Each structure stands twice: as C-alpha cells, then as structure tokens.
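**Q** When you get a sec, could you give me coordinates for this:
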Amino acid sequence: MDLELDHAIVRCTDKATAARFFADLIGAPVHASGPFAAVRVNDRLTLDFYDEDAFVFGHFAFLTADGDLDTILDRVAEHDLPFGSGPFARDRTINRLGGGRGLYVWDGDGNSYEFFTARPPG
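**A** Predicted coordinates for the structure are as follows:
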C-alpha cells in the first residue's frame, strides 16, 4: 500500500494566529480553505488550522534540510520563541539524534512542531 499524507487539521483557539505562527516559521503564506486557515508545507502536504474551544494539543514533525533548519532557528531566535531538544524540554537547545540536528517549537496553544535533519533512531 502506497499512502501519502495530504493534509492534517491543527486544532487551535485562534486559527489565524496559529496559522501565521507556523507559516512564519517555514516562510510560507497563509490562505483560506473553507473553514480553515491553511498553510501549504510543500506540494504534497497542507496543514489546515481550525478554531476549537477545548482541545488536546497536537504534534507535527518535519524532516528538513540543514540550511532550512538554520533558517527556522534564526526565526525562532528573532521572535524569542520557546524551543527545546525534546518533546517536553523547553531547554533552548537542539538535539543531535540520528547524527543530525533537531528542535521542538511550541505555539501559544501548546501545539508542538518538530524539525529534524536526520531521522531519529527507532
């Protein structure tokens, strides 16, 4: 079976703010898509941000190139965003799992975005 993720819904309290947060991290525009504020991650994946009053936070992980990770780190530093080396560690450091580099960034609702340059072991 050959499956490819096309889109995912990111639950948040303010879809415009949450979509802009993520779009700014990856340097992408936000566009309307029905009831969603959407961010196209690449030609195969879109994140659709949707307002929810009460929700459980989500986690979204992205394999990226070294240079793109550097760009994301620059944006994190520029906006003084909380980040860390693990899913619950806001230690303002990166990890070196799988021989690469990685970090986690959180939006105002607690959704976490993981960016890494090498697939973690396991």
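**Q** Pop out the phi and psi values for residue 19.
**A** Backbone torsions for residue 19, taken as degrees, to the nearest 10, come to phi -70, psi -40.
**Q** what is the rounded mean pLDDT of the one helix or strand residue 31 maps to?
**A** According to DSSP states H and E, residue 31 maps onto strand 30-33. Averaged over strand 30-33, pLDDT sits at 96.
**Q** Name the surrounding residues that touch it.
**A** With Cβ atoms under 8 Å, 6 or more residues apart in numbering as the contact definition, strand 30-33 has outside contacts at 16, 19-20, 23, 37-40, 46, 48. For every residue, glycine as well, the C-beta is placed using N, CA and C.
**Q** Also stretch 84-92?
**A** By Cβ under 8 Å, 6+ apart, stretch 84-92 touches 59, 82-83, 93-95, 102-104, 106, 112, 114.
**Q** Which single one of the contacts of strand 30-33 is nearest to residue 65?
**A** Nearest to residue 65 among these is residue 40, at 17.6 Å by Cβ to Cβ.
**Q** and that closest one, how far is that from residue 22?
**A** Counting by Cβ to Cβ, to the nearest Å, the separation of residue 40 from residue 22 is 11 Å.
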